[in-house]
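Undergrad: Sequence and predicted structure are below.
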Amino acid sequence: MDVMWEESGRDGSGWEELSPSVGRCRLPGWDCTAGLVAGEDAALMIDAGSSVREGAWLRTRARRLLGGGRVTHLALTHPHFDHVFGAAAFAGAEVFGAVGATGVPPVGRSRDWGRVLGDGREELLADAVRNGADPGEAAEAADLLVWPRHLVSGEWTLDLGGGRQVLLANVGPGHTGHDLAVLVAGPGSPEIVFCGDLVEESGEPQAGPDAVPSHWPAALDRLLALGGEDALYVPGHGAVVDAAFVRAQREALARRFDVP
């Protein structure tokens with residue numbers, strides 16, 4: 001599919017072209033990243049926005065960018081409301097998420113996918129409202145929350161057609177017990193890594209009750225090994241950064257949590 005990228009904008013009005021077939025936008029409210037990768041036969045959306053309405057906006061805008069093509073795959077980087085509450089808008093898409101870590105304290109408090117779709121729905125809803133989401137929209141999204149059909153335990157390669165392959169990698173735990181990164185590589189363009197909230201540029205990385213701080217620096221080591229020195233790293237919130245920024249954030253997290 002050919003993509004006609006729009007002028008980029010932080011208010012969600014446009015998309016930032018990262019390569020001819022890869023782009024992202026910064027959604028309003030929480031400055032959350034959504035990514036789009038186009039192949040010849042299929043298209044991948046990375047994260048789904050903070051409400052069903054926002055997910056529908058992403059789906060509609062992607063269809064326009066793709067010249068009528070549709071999003072066929074959806075990768076959810078981690079189970080927080082601002083990244084997953086729009087997933088119900090992508091009916092028919094194959095949905096991917098990371099298998100959670102086991103036996104690593106405090107993963108017992110983590111929002112694994114089974115818990116999110118069970119008794120964790122109310123916790124996720126409360127977190128959304130506490131952070132300023134519209135209560136009605138948040139309740140709708142919690143009711144319609146989508147289970148990832150494909151759970152990634154190591155790495156999973158998606159073939160989008162036309163030589164465009166995307167690697168989904170379970171690099172957590174860190175920001176949560178279930179952190180999925182997305183590596184896009186292709187001829188004639190730099191490698192691009194969508195980091196989820198393992199990396200944040202527009203503010204300090206957030207460590208909630210489901211974070212695994214003792215393993216977060218190691219997750220960033222895996223992220224850097226995945227992308228390498230010349231990759232573009234797309235954080236869950238904020239501007240695109242380079243490997244030096246990710247390495248500096250890794251060291252800051254190690255100092256903050258007193259881990260190697």
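TA: Here it is on my side, so go on.
Undergrad: Would you mind naming the helix or strand containing residue 18?
TA: Element membership of residue 18 [criterion: DSSP states H and E] is strand 16-19.
Undergrad: so what does the helix or strand that that strand is followed by touch, helix or strand wise?
TA: As assigned by DSSP H and E, the chain's next helix or strand after strand 16-19 is strand 22-27. In terms of contacts (3 or more Cβ pairs under 8 Å, 6 or more residues apart in numbering; DSSP states H and E), strand 22-27 is packed against strand 16-19, strand 32-38, helix 52-65, strand 189-194. (C-beta placed from N, C-alpha, C; glycine too.)
Undergrad: tell me the most buried of those?
TA: Mean neighbour count, computed with mean count of other Cβ atoms under 10 Å, is highest for strand 32-38 among those, reaching a mean of 26.
Undergrad: which outside residues touch the helix or strand just after it?
TA: As assigned by DSSP H and E, the chain's next helix or strand after strand 32-38 is strand 43-46. Contact with strand 43-46 is made by 1, 24, 33-37, 58-59, 62, 66, 69-75, 77, 90, 93, 158, 160, 166, 182, 194, as judged by Cβ atoms under 8 Å, 6 or more residues apart in numbering.
Undergrad: neighbouring strands for strand 43-46, and are they parallel or not?
TA: Using DSSP bridges, strand 43-46 pairs in its sheet with strand 32-38 (antiparallel), strand 73-75 (parallel).
Undergrad: tell me the angle of the first one relative to strand 22-27?
TA: For strand 32-38 and strand 22-27, the angle between their directions (axes from the mean of the first three to the mean of the last three Cα atoms, to 10 degrees) works out to 160 degrees.
Undergrad: Dump the C-alpha coordinates for strand 32-38 into PDB.
TA: What follows is strand 32-38, C-alpha atoms only, in PDB (Å, rounded to 0.1, in the frame of the first residue of the first chain):
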ATOM      1  CA  CYS A  32       0.600   9.100  23.400                       C
ATOM      2  CA  THR A  33       2.100   7.600  20.300                       C
ATOM      3  CA  ALA A  34       0.200   5.600  17.700                       C
ATOM      4  CA  GLY A  35       2.200   4.100  14.900                       C
ATOM      5  CA  LEU A  36       1.300   2.900  11.400                       C
ATOM      6  CA  VAL A  37       3.400   0.500   9.200                       C
ATOM      7  CA  ALA A  38       2.200  -0.300   5.700                       C
END
